[in-house]
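Trainee: for reference, the sequence and a predicted model appear below.
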Amino acid sequence: MYPTTVKNLIECLKKLSGIGEKTAERLALSILNLDDDVIKVFEQSLKDAKTKIRRCKICNNLAEDELCNICSDKTRDKKTICVVENIKNIIAIEKTNCYHGVYHVLDGLISPLDGKNPDDINIKSLFDRVDNGEVLEIIFALTPSVESETTSLYISKKLENKNIKISKIAHGVPLGADMEYIDGLTLEMALENRKYINE
């Protein structure tokens, strides 16, 4: 149906996460209509993303230098570390503009069923940061799951003699949600994590 060059482009686009056949076709045809200047920028951006991007040596976030923008920011609270599963979680939290500490990217969660043990994710460097710095609080910002609970518990146990506050973000009923449509697990977590308003 398509010339070989277009077929190759479609196959390349399908390698991107979340891109299926139809979307890849649509994107490939859109690319054919782009100006030469835009194509040059696009091409250079792809090359730069592959050659210039590395992991921050402190928190494991994306960076162009040794440190990411957050770790190199002198205004950030280096005594508070928010532990996240992946880089996308940092972006989500940063969009709220309400957290001013630093991060630590685990790149996965402990999951014995999937063969992922503590040594398989980025935990050791978190312990090194605690040992080498003046960390006062660790906040777990992990998606609610058995794996995230296992990971949080493992890290908490390892840090229990370090005199550090350990917390996790609240989970429960979303703002504006209709109670009758909330699933049982979410309601259970909301009840367990309830806050008292008369304290």
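Mentor: Looks like it came in fine.
Trainee: using PDB, write down the CA coordinates of the lengthiest strand in the chain.
Mentor: Longest strand of the chain, by residue count under DSSP state E: strand 77-84. Listed in PDB are the C-alpha atoms of strand 77-84, where the atom choice follows Å, rounded to 0.1, in the frame of the first residue of the first chain:
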ATOM      1  CA  ASP A  77      15.000  21.600  50.000                       C
ATOM      2  CA  LYS A  78      17.800  18.900  49.900                       C
ATOM      3  CA  LYS A  79      16.700  17.600  53.300                       C
ATOM      4  CA  THR A  80      13.400  16.200  51.900                       C
ATOM      5  CA  ILE A  81      13.500  13.400  49.300                       C
ATOM      6  CA  CYS A  82      10.400  12.300  47.400                       C
ATOM      7  CA  VAL A  83      10.800   8.700  46.300                       C
ATOM      8  CA  VAL A  84       9.100   7.900  43.000                       C
END
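Trainee: quick one: strands adjacent to it?
Mentor: strand 101-105 (parallel), strand 137-140 (parallel) (DSSP bridges).
Trainee: now the lengthiest helix in the chain: average pLDDT?
Mentor: Looking across the chain with DSSP state H, the single longest helix is helix 36-51. Over the span of helix 36-51, the pLDDT mean works out to 95.
Trainee: buried ones in that helix?
Mentor: Across helix 36-51, burial judged by 16 or more other CB atoms under 10 Å covers no residue at all. C-beta here means a position set from N, CA and C on the backbone, and glycine is covered the same way.
Trainee: any idea how far that helix is from the chain center?
Mentor: In terms of CA atoms, centre = their mean, to the nearest Å, the centre of helix 36-51 is found 25 Å from the chain centre.
Trainee: list the strands paired with the next helix-or-strand element following it, with their directions.
Mentor: Where DSSP states H and E defines the elements, the next helix or strand beyond helix 36-51 is strand 54-55. Applying DSSP bridges to the sheet, strand 54-55 is found paired with strand 62-63 (antiparallel).
Trainee: quick one on the thing from earlier: got the CA positions of the longest helix of the chain in PDB?
Mentor: C-alpha atoms of helix 36-51 as PDB (Å, rounded to 0.1, in the frame of the first residue of the first chain):
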ATOM      1  CA  ASP A  36      12.200  20.900   5.600                       C
ATOM      2  CA  ASP A  37      13.200  23.200   8.500                       C
ATOM      3  CA  VAL A  38      10.900  21.400  10.900                       C
ATOM      4  CA  ILE A  39      12.200  18.100   9.800                       C
ATOM      5  CA  LYS A  40      15.800  19.200  10.400                       C
ATOM      6  CA  VAL A  41      14.900  20.300  14.000                       C
ATOM      7  CA  PHE A  42      13.000  17.100  14.500                       C
ATOM      8  CA  GLU A  43      16.000  15.000  13.300                       C
ATOM      9  CA  GLN A  44      18.400  17.000  15.500                       C
ATOM     10  CA  SER A  45      16.100  16.600  18.500                       C
ATOM     11  CA  LEU A  46      16.000  12.800  18.100                       C
ATOM     12  CA  LYS A  47      19.800  12.700  17.900                       C
ATOM     13  CA  ASP A  48      20.200  15.000  20.900                       C
ATOM     14  CA  ALA A  49      17.800  13.000  23.000                       C
ATOM     15  CA  LYS A  50      19.800   9.900  22.300                       C
ATOM     16  CA  THR A  51      23.300  11.400  22.700                       C
END
